[in-house]
Structures are given as C-alpha cells and as structure tokens.
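Novice: what follows is a predicted structure for the sequence shown.
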Amino acid sequence: MAKNKTTETQSSVVDFINTTVEDEIKRNDAFELIKIMQKQTGFEAKMWGPSIIGFGSYHYKYESGHEGDAPLAGFSPRKAAISLYVYFDAEKREELLSKFGKHRAAKGCIYIKKLSDIDIEILKIMISTSVKELQKLYPPISN
C-alpha cells in the first residue's frame, strides 16, 4: 500500500507563509484565513505536507483498505490561487457555492484569488460544515 504524501508535519506555518507566499495580498489573506479557520474549527493551524495548512484531523479507511489521516479543513496559498479544502455533501455544496462569490470549484477543493472576492460568512459555514460532516463520517477513535 502506498504511503500518504500529505501528512502532518512539525514545520512552521508562519515560516511557510512568510517564505513562500510572495504576493502581499495573498500573504495577508493566508494569515486572515488562519484566524477564521482556527475560530471555526477550534484547532490550531498545522502544516500538512510541504504546502497545506490544516486544522484538526480525522482518520479515514476506505473499503479498498487504503487509510490515512487528513485535516478536517484547510487551505494552501498557491501562486495561481488559494485552494480551500472543505468537505460537504453535493446538495449543500451547490447551495453554498451559489452564494459564495468569485471562485472556481473542482471535486476536492475550491479555488479563490483573494478573500475580498468571497462572502466570509459563507466560508465560515463551509468550514464548520466540513468539520461536522467529517467527524460524523469518521468519528474520533476513543482510547
């Protein structure tokens, strides 16, 4: 079984943003996203792999046997756009994205250019929904 490339690391989130995000608006948006996501998830920002900033985590296991850990919500301030990693069912996804503002959506993430293009209140709902849905699908394992 292949090992997951995107795992939680001990790298500094602040150092990552300050050294890799050249655009000042995108850098400021990244720090603002950290505040928003920390408040909505209740978790501190952690680096996942070399370029994803994640909040909280869950353990998944597919029927195929593939398993691993992933953040409950996250983002990556990439050069072309900020990738948002949030999860919600298709019906809720369409409803929220129709009110979200300027974005591009793919199967696994939502791309935005800057925070001023979107409705922050809808983003907060998306983040909270992602945490609730993933914790329902993959409940934390009790020791």
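Specialist: Good, I have the coordinates. All values reported here derive from a predicted model rather than from experimental measurement.
Novice: host element of the residue nearest in space to the middle of the chain?
Specialist: The centre of the chain sits closest to Gly74, judged by CA atoms, centre = their mean, with a distance of 1.7 Å. Using DSSP states H and E, Gly74 falls within strand 73-77.
Novice: for that strand, which outside residues touch it?
Specialist: 17, 20-21, 26-27, 29-30, 33, 37, 40-41, 48, 51-56, 82-87, 127, 130-131 (CB atoms under 8 Å, 6 or more residues apart in numbering). All C-beta spots, glycine's among them, are computed from the backbone N, C-alpha and C.
Novice: give me that answer again for 6 Å
Specialist: Contact partners of strand 73-77, identified using CB atoms under 6 Å, 6 or more residues apart in numbering, comprise 21, 26, 30, 33, 37, 41, 51-55, 82-86, 127, 130.
Novice: which one is the residue nearest to the centre of the chain nearest to, not counting chain neighbours?
Specialist: Spatial nearest neighbour of Gly74, chain neighbours left out: Gly54 (3.7 Å); criterion: CB to CB, 6 or more residues apart in numbering.
Novice: I'd say the one you found and Ala45 touch.
Specialist: No - in this structure, Gly54 is not within contact of Ala45 by CB atoms under 6 Å, at 7.5 Å.
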